[in-house]
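1. fold the following.
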Amino acid sequence: MEIVGILITALTIFITSLFNQRLASPLVRKYISTSIPTTSPDPTPSLEENKTTPTPVVPTSNSLSQKEVIPTLDDTDPWGVAKKVADHTYTMKIENEDHMSTPQEFLAALNDYRIKKGSQPLKWEEKICSFTQERADFQAENGLDAHQGFTDFLENQDGFKKLGFGWLGENASQGYIMSGQHLVEFIFASDEEHNQNQLATQWDRACVSIVNTTVEIIFATSPI
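-> Down below sits the predicted model:
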């Protein structure tokens, strides 16, 4: 087993690319039919209909690429404790496992965790899976991008209408090789920001993509 540092972000997770593996911070964006998107905590459904439905993609790739070389850490940071290294970014020293989750395993583990914590389970939403896959592919190749691609698509490319939802959030991580349960309960639950995002009761749908060690989750609610 390798000792690795994990970085976490959430937009309702935020992600950045650093030397060590990361978990992104949460980020949430809402669509208002009469104005630009805001970060209000309460979703306001749009009255406009969705005109575009992305082609659904169910990701299955879990092998390591040459770009995702996992460094060995040699420091005094405690094991299994999330360390905040930026506004919404965390790193962690933890051992990788011999099994990488699939997207379906991850969502099943997340739903088990949400039910255990009093939140409703999430439905797999095909309408957002194409975009989820694009985000996972891009970040697997280029590193975590601090949710820049997510916010640009929603705010500058009519993303709310294209995806068909008035409120969307993103979580991402990179560098872990773990089961779905451990990604959910060890990694994304390791800090309050990410844990609140994955447990938020407003979410009722999600899609998950996993490419190598990059995990991308997009949450959705309020169809438009």
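2. Ala140 - how many residues pack around it?
-> 22 (other C-beta atoms under 10 Å). (Glycine included, C-beta is placed from N, CA and C.)
3. check Asn142 too.
-> 12.
4. one more: Pro78?
-> Using other C-beta under 10 Å: Pro78 sits among 9 other residues.
5. how near is it to Trp124?
-> According to C-beta to C-beta, to the nearest Å, Pro78 and Trp124 sit 36 Å apart.
6. how about Asn197?
-> On the measure of C-beta to C-beta, Asn197 and Trp124 end up 18 Å apart.
7. the more surrounded of the two?
-> More crowded of Asn197 and Trp124, by other C-beta under 10 Å: Asn197, with 24 against 17.
8. which SSE is that one in?
-> helix 192-199 (DSSP states H and E).
9. Phe150 too?
-> helix 148-156.
10. with just CA atoms, put that helix into PDB.
-> What follows is helix 148-156, C-alpha atoms only, in PDB (Å, rounded to 0.1, in the frame of the first residue of the first chain):
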ATOM      1  CA  GLN A 148     -13.400  26.800 -13.100                       C
ATOM      2  CA  GLY A 149     -14.800  24.600 -15.800                       C
ATOM      3  CA  PHE A 150     -18.000  23.900 -13.800                       C
ATOM      4  CA  THR A 151     -18.700  27.600 -13.100                       C
ATOM      5  CA  ASP A 152     -17.800  28.700 -16.700                       C
ATOM      6  CA  PHE A 153     -20.200  26.200 -18.200                       C
ATOM      7  CA  LEU A 154     -23.100  27.200 -16.000                       C
ATOM      8  CA  GLU A 155     -22.600  30.900 -16.000                       C
ATOM      9  CA  ASN A 156     -21.200  31.600 -19.500                       C
END
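11. which element follows it toward the C-terminus?
-> Heading C-terminal from helix 148-156 (DSSP H and E), you reach helix 159-163.
12. buried ones in the helix holding Phe150, by neighbour count?
-> For helix 148-156, a neighbour-count test (16 or more other C-beta atoms under 10 Å) marks Gly149, Phe150, Thr151, Phe153, Leu154 as buried.
13. what about Arg135, neighbour count?
-> Around Arg135 there are 27 residues (other C-beta under 10 Å).
14. for it, which non-adjacent residue is spatially closest?
-> Excluding its sequence neighbours, the residue lying closest to Arg135 (C-beta to C-beta, 6 or more residues apart in numbering) is Glu216, at 4.9 Å.
15. what lines up beside the helix or strand harbouring the one you found in the sheet?
-> Counting by DSSP H and E, the element that carries Glu216 is strand 214-223. Paired neighbours of strand 214-223 in the sheet (DSSP bridges): strand 165-174 (antiparallel), strand 205-211 (antiparallel).
16. just want the angle from it to helix 148-156.
-> 20 degrees (axes from the mean of the first three to the mean of the last three C-alpha atoms, to 10 degrees).
17. and the helix holding Phe150, what does it pack against?
-> strand 27-30, helix 129-142, helix 159-163 (3 or more C-beta pairs under 8 Å, 6 or more residues apart in numbering; DSSP states H and E).
18. those: which one's closest to Lys117?
-> Ranking the helices and strands packed on helix 148-156 by proximity to Lys117 (C-beta to C-beta) places strand 27-30 first, at 18.6 Å.
19. so Asn111, which of the three states?
-> helix (DSSP: H, G, I helix; E, B strand; the rest coil).
20. quick one: pLDDT of it?
-> Note for Asn111: predicted pLDDT of 98.
21. I am finished for the moment; much appreciated.
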